[in-house]
Each structure stands twice: as C-alpha cells, then as structure tokens.
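# Whatever this is, show me its structure:
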Amino acid sequence: MAISITPAAAERVKSFLTSRGKGLGLRLGLKTSGCSGMAYVLEFVDDLNDDDELYDVDGVKIIIDAKSFIYLQGIELDFVKEGLNEGFQFNNPNAKGECGCGESFTV
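Okay, the predicted model is just below:
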C-alpha cells in the first residue's frame, strides 16, 4: 500500500478528530469536478461503506473506496502553512496535470 502522510498532516488529522469528539478516520477520495476533471475529497468517517478499505498510516486511519484507490496509489498527504494560509496538499504521482488554480487534476 503506497499511501503516506507527513507528520504535519497526521497531527492535523488527529487534532481534528479529537476536537470533533468522534470518528473512525479520514476518507481520501475523488469526485468529478473542476477544469481538469478530478478533485480530491477529504471527509471524516464514522462508519465504513461496503467498498471501503481501511489503512493505518502512521497512526491515522485512512479510508479509501476501491474506485478511488487506483488513482491514489503512491499519494502523499501533507499539511502546509504558508503565511496566513494553511491546508492539506496532495502529492500524487499519478497526476498528469493540474488546472491553473490547483483545484483539480487529470490522470
């Protein structure tokens, strides 16, 4: 399983789950969107779906559905602060291109 998460992202996810007070883990998925075709989806998971796979990555439970996994193999989830901006970044070796605003990608 070639999915990784940086220490900064792991701490942020753990912090969110603690603040939320519940949750099994974090769903990493895809949806059709944007100028380039696909966009990442992050959401907290309380219950697994039938097609979900659960991975424990550096102490964080990552849930990925089978349909999204083929496009997410090898991805690294990072959390970056740049000035007043902060957010998750996706380093996906499968992405062939991104739109100008960085909201979507192609494979």
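# For this structure, which residue occupies the most central location?
Geometric centre of the chain, nearest residue: Leu28, 3.8 Å, by Cα atoms, centre = their mean.
# Look at it and give its secondary structure.
At Leu28 the chain is in strand, as set by DSSP: H, G, I helix; E, B strand; the rest coil.
# Report the beta-bridge partner residues of it.
Beta-bridge partners for Leu28, by DSSP bridges, are Leu42.
# Touching, it and Leu42? I think so.
Yes. Counting by Cβ atoms under 8 Å, Leu28 touches Leu42, with 6.3 Å between them. For every residue, glycine as well, the C-beta is placed using N, CA and C.
# measure Leu72 to Lys81 for me?
24 Å (Cβ to Cβ, to the nearest Å).
# Between those two, which is the more surrounded one?
Legend: neighbour count by other Cβ atoms under 10 Å for Leu72 and Lys81, higher for Leu72 (22 against 10).
# measure the more buried one to Leu84 for me?
Taking Cβ to Cβ, one finds Leu72 at 29 Å from Leu84.
# picking up where we left off before, please give me every residue in contact with the residue nearest to the centre of the chain.
3, 40-42, 62-64, 68, 72, 75, 77 (Cβ atoms under 8 Å, 6 or more residues apart in numbering).
# I would like a PyMOL command selecting only the buried ones among those, please.
Here is the PyMOL selection string for the buried members of those, based on 16 or more other Cβ atoms under 10 Å:
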select buried, resi 3+40+62+63+64+68+72+75+77
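# and the contacts of Leu28, which two are the farthest apart?
Greatest spacing in these, by Cβ to Cβ: Ile3 and Val41 (14.9 Å).
# Gln89 is in contact with Val80, isn't it?
Yes. The criterion here is Cβ under 8 Å, and Gln89 meets it with Val80 at 5.3 Å.
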